[in-house]
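Peer 1: Give me coordinates for this.
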Amino acid sequence: MEVFNKFYSSVSNTVSQLSGVLPGNPVTREFEATQFIASAGPGLLWKVYKGYKKSTKQEASIFVFEKKHLDRWTKGDRDVMIDILRRGIVQLTKLRHPQILTVQHSLEESRESLAFATEPVFASLANILGNTENMPQPIPNNLINYKLYEVEIKYGLMQIAEGLAFLHNDVKLLHHNICPESIIVNQQGAWKIFGFDFCIANQSSPGAASFWPFTEYCQAIHPLTQPSLDYLAPEYILSATHSPASDIYSLGMMIYALHSTGHQTLGNIGNDYMKFKKFVNEIRNLPQSRLLCVTEGLREYVKLMLNTTPELRPDPHQFVKIPYFEDVGVKTLNYLDSLFQWDNLQKSQFYKGLPQIIQKMPHRICIYRILPCLTKEFVNPPMVPFVLPNVLLIAENSNKEEYKMELLLKLTPGEEVKSDILPMLYRALESDAQQIQELCLSVLPTFASLIDYPAMKNALLPRIKKLCMSTNYISVRVNCLLCLGKLLEHLDKWLVLDEIIPFLPQIPSREPAVLMGILGIYKLALSHKKLGITKEVMATKVLPFLIPLCVENGLTLNQFNALITLVKQMISKVEAEHRAKLEQLNSIQNESKVMEQALTSTSDNLVPAPTPQTDIDKMFSGLGLDPFAFNSSKQPEKPQPAIPSTTSTAGSLSIEEKQRLAQQQDTVRKFSRQPPPAAIPAPMPQPSKPLDLTSSLLQTNLNQLSQKSFTAATSPQSSTQSTLGVNLSRPNYGVPNFTSNPPSMNLGYTQNPTGFDSQLALPANTGWVAPVNTNFNNKWANNQSNQSSMKQDWSAFESLLPTQSQGNNSINEGKKDGNSEMMDLLS
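Peer 2: Just a heads-up that it's a prediction; the model follows:
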């Protein structure tokens, strides 16, 4: 904001200054002044404004003299000064020469000012040398610490000498005040003669010797109304004469001021006329040591120009031919100023050798002196191929303000960009000249926004990629990568993923500079908010290409650090994105498992104890290989219910989804708090439990036997009798003892849970003995004592009854088979 305030203040000051000076001056009808830039003329009384012509928008400079500056002067001096200034501009307007300032609009006068317009001006030589009187405050930035290059001084002096030759020989005019205030440096850096306020015209008749009337210096009038004493020739005092040689003396003194410390003259006279007289006597014996500040190749000629004898001074033609001006830069600038006189063959030869000279010239001279001359040749089609490489070479070293391509393209219609500019750049990319290729690549990003999508995809990008693959110059390849990097912001994500990213690994070069260019494109694509690289592309295309580059031996430590940092960044991005995806999938799977477990009953089977893990099993236990283990002895573990994870997806869930997940978490927690199911003992046989087939068969046989026994017991003919009392009203049976000497066996029942008392009489050879205190509550119990001596024939059941050894084992097995089956067997 401060910059805009300063700009607004500067413009406001300029407008306010001009509003008080130029209104009423006819110059304002045709020219618009925009900025106060310099001062010039006697005492730097002329203010120089930057401006333009309203009708053609052509750049111009407007010189303004404000009469209020002379308010403190006497009326006589004021009138004399205004007449002198008016006379000087009138004379300037009559002259036309390349080394004389060109007037575009003649002098106009109003009550407040004098004004006229000229070609665009940079500043006066006095301003450049540090004299800032009557200058804008603060001083313009382009004049702060401004230094003249040696080639500028050489060619400037040559131009002034050529201008003097024109004045002396052609116009027969003495300038009579050659000094820094009377030299103007125009916008292209050319030195132009100005300040004809004290010029003296030839008064002789045609054909006669030239004669310039002489006027003595008057101390009574203001010093500014007379020539500067510091640059006035000594013959002005010694012989009261002047001649063209007097201007040569003034030029010699100006050369000394250009090279001296503080840009002072030899006498440092100022406005002191008596000091000037004294200095004239001293200069007759000027020692060489006083001129040591002057360049060695020019020193002896300056001493000659300052000679008190006018006839010994060189004339302008002799001066421009001294060895000092035998310089490549001076000749080049001189050739450029005279190109309009040459034919195309001569021009082409000159343009072919110009690139070598441009590389040695100061950049300011290339921009403001060489480039304007080259651009004039664009109207000559045969010369364009020779001129264009030089123009692009200058543009390569230009900054944004100097280049002005953005402004030119902004004002260029879109159709002309497509029809003229883009085809030219396409041809430049396909040319064989390295410099043209590099300059074209540097220019392309500046107007990428003007290139439509089809042209970018189908015409521009393929040419850049082809050039990058086919060139043999590393600098061209690096510039291709830089150009692609600058174009990324003008491309969409999928064009970058489809055209740029797959192309980079194909580049047939592994130089560090090329690798860093590739790295820069990856970093821009990864970090740009509009672009980005997907994790699939990074994992399958980018990282497999970048990781081997980390072991390139040509990398510096900083380059390696940049490369490895990008690799780590990409790996972290792939890990984070894929982990989030897996967590989301896992949470969905867990949700489905929780729902299934909530809907199914808990299994009654006991879970066997896990088999102890070996060291190898432990090594592979955390790798997710358990479902594929080949150890058949190990039973697959039942999946444990897990609480669904919401850490990775909570940021994108709706409130309903969050509520559902919370309910699922509560359900999982409830199941996890329940103890594992314990082993449930087999229930006791219930009265309603049906008998198996064997029990039924035995029951039927025993019932039949009991009926026969009952019949035999009532018959007197029975020789053998056995008492067998069975309560058949209930299906429950007691459990006998299967030992040879059976003790009383307690089955854990306190009050005869079977519901009956039973007594079993068996033959001795069976090994079965009935309990002593067992009573049968039936009719067989009364007959047992009477028929105890009678033996029963049980041989038919020996195969069905267990042996003694078998009876011992049956005791242990009886707990598993149940007491009811034993009673069935023995009933």
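
Peer 1: hey, which helix or strand in the chain has the poorest pLDDT?
Peer 2: Each helix and strand of the chain was given a mean pLDDT (mean pLDDT, DSSP states H and E); the minimum falls on strand 724-725 at a mean of 38.

Peer 1: Whichever strand in the chain runs longest - which strands sit beside it in the sheet, and in what orientation?
Peer 2: Ranked by residue count under DSSP state E, the longest strand found in the chain is strand 31-40. Based on DSSP bridges, the pairing partners of strand 31-40 within the sheet are strand 46-53 (antiparallel).

Peer 1: So what touches the partner strand?
Peer 2: Identification of contacts with strand 46-53 by C-beta atoms under 8 Å, 6 or more residues apart in numbering yields 14, 18, 30-40, 58-66, 85, 104, 117, 120-121, 123-124, 134. C-beta coordinates here come from the backbone N, C-alpha and C atoms, glycine included.

Peer 1: what about the nearest residue to residue 370 once chain neighbours are set aside, which helix or strand?
Peer 2: Distance criterion C-beta to C-beta, 6 or more residues apart in numbering; nearest residue to residue 370, sequence neighbours excluded, is residue 336 at 6.3 Å. Residue 336 is part of helix 328-337, with elements assigned from DSSP states H and E.

Peer 1: Counting by contacts, list what the helix ranked longest in the chain packs against.
Peer 2: When the chain is parsed with DSSP state H, its longest helix is helix 557-599. Helices and strands in packing contact with helix 557-599 are listed as helix 512-527, helix 535-537, helix 543-549, helix 655-673; criterion 3 or more C-beta pairs under 8 Å, 6 or more residues apart in numbering; DSSP states H and E.

Peer 1: low pLDDT regions in this protein?
Peer 2: Applying pLDDT under 70 to the chain picks out residues 1-23, 399-412, 414, 600-659, 661-663, 665-666, 669-695, 706-827.

Peer 1: in the stretch 1-150 of the chain, which spans are strands?
Peer 2: Along the stretch 1-150 of the chain, the segments classed as strands by DSSP state E, counting those that start in this stretch run 31-40, 46-53, 59-66, 103-109, 113-118, 121-124.

Peer 1: For the ones you listed, give me JSON lines that also has mean neighbour count and distance to residue 179.
Peer 2: As requested, those are arranged in JSON lines below (neighbours: other C-beta atoms under 10 Å; distance: least, C-beta to C-beta, whole Å):
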{"stretch": "strand 31-40", "mean neighbour count": "22", "distance to residue 179": "11"}
{"stretch": "strand 46-53", "mean neighbour count": "23", "distance to residue 179": "14"}
{"stretch": "strand 59-66", "mean neighbour count": "23", "distance to residue 179": "17"}
{"stretch": "strand 103-109", "mean neighbour count": "18", "distance to residue 179": "20"}
{"stretch": "strand 113-118", "mean neighbour count": "23", "distance to residue 179": "19"}
{"stretch": "strand 121-124", "mean neighbour count": "24", "distance to residue 179": "10"}
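
Peer 1: wait, which of these is closest to residue 557?
Peer 2: Nearest to residue 557 among the strands of the stretch 1-150 of the chain is strand 121-124; the distance by C-beta to C-beta comes to 47.9 Å.

Peer 1: So which elements touch that closest one?
Peer 2: The contact analysis (3+ C-beta pairs under 8 Å, 6+ apart) places strand 121-124 against strand 31-40, strand 46-53, strand 183-186.

Peer 1: closest to residue 667 out of the ones you listed?
Peer 2: Minimum separation from residue 667 across those (C-beta to C-beta) falls at strand 31-40, 80.4 Å.
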